[in-house]
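Here you go, sequence then predicted model.
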Amino acid sequence: MEVDTQHYDDIIIGGGKAGKTLAPALVADGRKTALVERSLNMIGGGCINIACIPTKTMVASANVANTVRKSAAYGVKTNTPSVNLAEVIQRKRSVVQGMREMNLHNLETALGHELIIGTARFVAPKTIAVTTAEGNNRLLTAERLFINTGTRPLIPTIPGLTEVEFLTSESIMELEYLPEHLIVLGSSYIGLEFAQMFRRFGSGVTVIGQSQQILSQQDPDIAIAVQTLLEQDGIEFLLKAKVLRVVREASPLENRTGNETILQIQVGDREITLQGSHLLVAVGRAPNIESLNLAAAGVATNTRGFIQVNDRLETNVPGIWALGDINGGPQYTHISLDDYRIIKANLIDGGDRNTGDRLVPSCLFIDPELAHVGLTETEAQQQGYAIRVAKVDASAVPRAKTLGQTDGLLKAIVDTDTGRILGCSLLCHEAGEVISTVQMVMQAQMPYTVLRDGILTHPTMTEGLNILFSKL
């Protein structure tokens, strides 16, 4: 059957943060633009639908439960909290649905019928075939293409794993009953957020990590401080551990009441058995490239399957760019947004931006939060800097005392020669907000004394920066 070919100036494959923001900008620039998104349920991308927004919505519920549980310490007596996980999930769905509808409205307003719901695959460097949600086939060509298809949970190769009904960071957010004992495979951002969340909901939680410390990219003192806080919540850790096999005892997932998942684990020179009612696999993310048929376009990927790009986000094929998580850069929504800014600056505004000098903040949304920007102490030493290190316990911050949020550690790395801040890690209440102040000083290339001597509102958590940098 003959398929009509439609030509566009620009085609975006995937409507995540970069893609959904770029599409209206291209239209406003007079470009005939189509955006192809595989599902209406993914309008707005992974952040809104399966990652940042839903998880932080559930984190908020877990923290409310924890506040109620500890209310007596504030002179407020309440009953022990009873968590209705089904209602937590419904609240999460409501928040997600509202944001998805807003994004759909924005895209339909900008693109009209050029918002195409379907699965795209390359048939030539500048040509894609789209199988629409209605089962129709369309052939689209464009002068420029932008790939923004994101990632999905990475499933490791472990004997027996595919034979058990394990959970991922997506499916666990649809679980409407509380696990008796949740085993979390993975000791980085995703795993730790869910570990604390479900512990505060009331589950027993054990975290398994392969490295000798959790958060292997952080300095050991920060990682130890985070682990100590989570252990105070009642979370157990098995580190330097390798899962040898996963075994399932007969019992359907929806009816689980006891210990049905069994893991055989090597810890050091001994082998142990760990039982749990549910297993969450949270060891990283894999690129969504399978359906794209990148070979037909000649687009190169690295050994992990992520699309290779230069510092202007262009692939090895001229006229094809890759934005967001799919290009193997830092997997944060704010990086996907900045990818859009780079494309807009270079292709619309006549600028010349690249990824070379980006200062990337991050935040682990446990309670208290762990926020970081710049180099760690270890990285600064490896890069040959002469450094000074400032540290202070969160309990030294007056605002932390008033809130009863005194756990944590603040740490900064400063270049001895220039006085500029090389990096900062904040494990404290509202760290994700406070780190932005440090980042602005770093981006302006001002010395640390700006934060040491600046007049910061009292009592706030940001005031802790006065205290931290006075340690130098």
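Nice, thanks for sending it over.

Low-confidence ranges, the stretch 51-200 of the chain, go.
Within the stretch 51-200 of the chain, no range satisfies pLDDT under 70.

show me where it has strands.
Secondary structure of the stretch 51-200 of the chain, counting by DSSP state E, counting those that start in this stretch: strands at 115-124, 127-132, 137-147, 151-153, 181-185.

Now tabulate those in JSON lines and tack on distance to Glu377 and mean neighbour count.
For the C-beta atoms, the positions are set from N, CA and C on the backbone; glycine is no exception. As requested, the strands of the stretch 51-200 of the chain are arranged in JSON lines below (distance: least, C-beta to C-beta, whole Å; neighbours: other C-beta atoms under 10 Å):
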{"stretch": "strand 115-124", "distance to Glu377": "44", "mean neighbour count": "19"}
{"stretch": "strand 127-132", "distance to Glu377": "47", "mean neighbour count": "19"}
{"stretch": "strand 137-147", "distance to Glu377": "37", "mean neighbour count": "20"}
{"stretch": "strand 151-153", "distance to Glu377": "29", "mean neighbour count": "19"}
{"stretch": "strand 181-185", "distance to Glu377": "27", "mean neighbour count": "26"}
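
Out of those, which gets nearest to Gln232?
Relative to Gln232, the nearest member of these by C-beta to C-beta is strand 181-185, separated by 17.0 Å.

Which strands and helices lie in contact with the closest one?
Contacts of strand 181-185 with other secondary structure elements, assessed using 3 or more C-beta pairs under 8 Å, 6 or more residues apart in numbering; DSSP states H and E, are made with helix 189-201, strand 204-208, strand 270-276, strand 278-281.

mind running it again at 10 Å?
helix 189-201, strand 204-208, strand 236-238, strand 241-248, strand 261-267, strand 270-276, strand 278-281 (3 or more C-beta pairs under 10 Å, 6 or more residues apart in numbering; DSSP states H and E).

out of the ones you listed, nearest to Tyr74?
Between Tyr74 and the helices and strands packed on strand 181-185, the shortest gap by C-beta to C-beta is with helix 189-201, which sits at 16.9 Å.

biggest helix in the protein by residues?
helix 85-111 (DSSP state H).

any idea how far the residue nearest to the spatial centre of the chain is from Leu403?
Centroid check for the chain by C-alpha atoms, centre = their mean gives Tyr332 as the closest residue, at 5.3 Å. Remark: distance between Tyr332 and Leu403 (C-beta to C-beta, to the nearest Å) = 27 Å.

Looking at Pro252 now. What's its pLDDT?
In the predicted model, Pro252 carries a pLDDT score of 51.

and if you look at the one 4 residues further on?
Note on Arg256: pLDDT of 47.

where does the stretch 251-400 of the chain dip in pLDDT?
Within the stretch 251-400 of the chain, the stretches with pLDDT under 70 are 251-259.

Got the phi and psi for the nearest residue to Val64 once chain neighbours are set aside?
Nearest non-adjacent residue to Val64, counting by C-beta to C-beta, 6 or more residues apart in numbering: Pro81, 7.9 Å away. The phi and psi values for Pro81, taken as degrees, to the nearest 10, are phi -70, psi 140.

Any idea how many residues pack against Ala86?
Ala86: 12 surrounding residues under other C-beta atoms under 10 Å.

With mean neighbour count and distance to Val414 as added columns, please give the helices and strands packed on strand 181-185 in JSON lines.
As requested, the helices and strands packed on strand 181-185 are exported to JSON lines (neighbours: other C-beta atoms under 10 Å; distance: least, C-beta to C-beta, whole Å):
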{"stretch": "helix 189-201", "mean neighbour count": "24", "distance to Val414": "26"}
{"stretch": "strand 204-208", "mean neighbour count": "22", "distance to Val414": "33"}
{"stretch": "strand 236-238", "mean neighbour count": "17", "distance to Val414": "32"}
{"stretch": "strand 241-248", "mean neighbour count": "17", "distance to Val414": "36"}
{"stretch": "strand 261-267", "mean neighbour count": "19", "distance to Val414": "38"}
{"stretch": "strand 270-276", "mean neighbour count": "14", "distance to Val414": "43"}
{"stretch": "strand 278-281", "mean neighbour count": "26", "distance to Val414": "39"}
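
and His429, which of the ones you listed is closest to it?
Going through these one by one, with C-beta to C-beta as the measure, helix 189-201 comes closest at 14.5 Å.

pLDDT averaged over stretch 419-436 - what is it?
98.

Buried residues in it, which are they?
Judged by neighbour count (16 or more other C-beta atoms under 10 Å), stretch 419-436 contains these buried residues: 420-432, 434-435.

can you put the helices and strands packed on strand 181-185 in CSV and add distance to Tyr177?
What follows is the helices and strands packed on strand 181-185, written out as CSV (distance: least, C-beta to C-beta, whole Å):
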stretch, distance to Tyr177
helix 189-201, 10
strand 204-208, 14
strand 236-238, 22
strand 241-248, 18
strand 261-267, 16
strand 270-276, 15
strand 278-281, 10
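
Any idea which of these gets closest to Gly408?
Comparison of the helices and strands packed on strand 181-185 against Gly408 by C-beta to C-beta identifies helix 189-201 as nearest, at 13.9 Å.

could you give the angle of the closest one to strand 181-185?
Counting by axes from the mean of the first three to the mean of the last three C-alpha atoms, to 10 degrees, helix 189-201 points 170 degrees away from the direction of strand 181-185.

by contact count, what packs against helix 189-201?
For helix 189-201, the elements it packs on are helix 52-69, helix 85-111, strand 181-185, strand 204-208, helix 220-232, strand 236-238, strand 278-281, strand 361-364, judged by 3+ C-beta pairs under 10 Å, 6+ apart.

just to revisit the earlier point, right, so of the strands of the stretch 51-200 of the chain, which gets closest to Val441?
Distance to Val441, taken as C-beta to C-beta, is lowest for strand 151-153 among the strands of the stretch 51-200 of the chain, at 32.0 Å.

How is the protein divided into domains?
Domain ranges of the chain: 5-153+286-347, 161-280, 368-470, per automatic domain parsing.

Turn those into CSV, columns for distance to Arg358.
Conversion of the domains of the chain to CSV gives the following (distance: least, C-beta to C-beta, whole Å):
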stretch, distance to Arg358
domain 5-153+286-347, 6
domain 161-280, 17
domain 368-470, 10
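
Val392 reaches Gly464, doesn't it?
Yes - at 7.3 Å, Val392 and Gly464 qualify as touching, with contact defined as C-beta atoms under 10 Å.

Which one's more surrounded, the two?
The neighbour comparison of Val392 against Gly464 (other C-beta under 10 Å) goes to Gly464, with 27 against 20.

residues in contact with the more buried one?
By C-beta atoms under 10 Å, 6 or more residues apart in numbering, the contact list for Gly464 reads 392, 394, 396-400, 408, 410, 426, 428-431, 434, 451, 456.

can you do 7 Å?
By C-beta atoms under 7 Å, 6 or more residues apart in numbering, the contact set of Gly464 is Val397, Leu410, Cys428, Val434.

phi, psi of it?
Here the main-chain torsion angles of Gly464 (degrees, to the nearest 10) amount to phi -60, psi -20.

State the distance from it to Val373.
Applying C-beta to C-beta, one obtains 15 Å for the distance of Gly464 from Val373.
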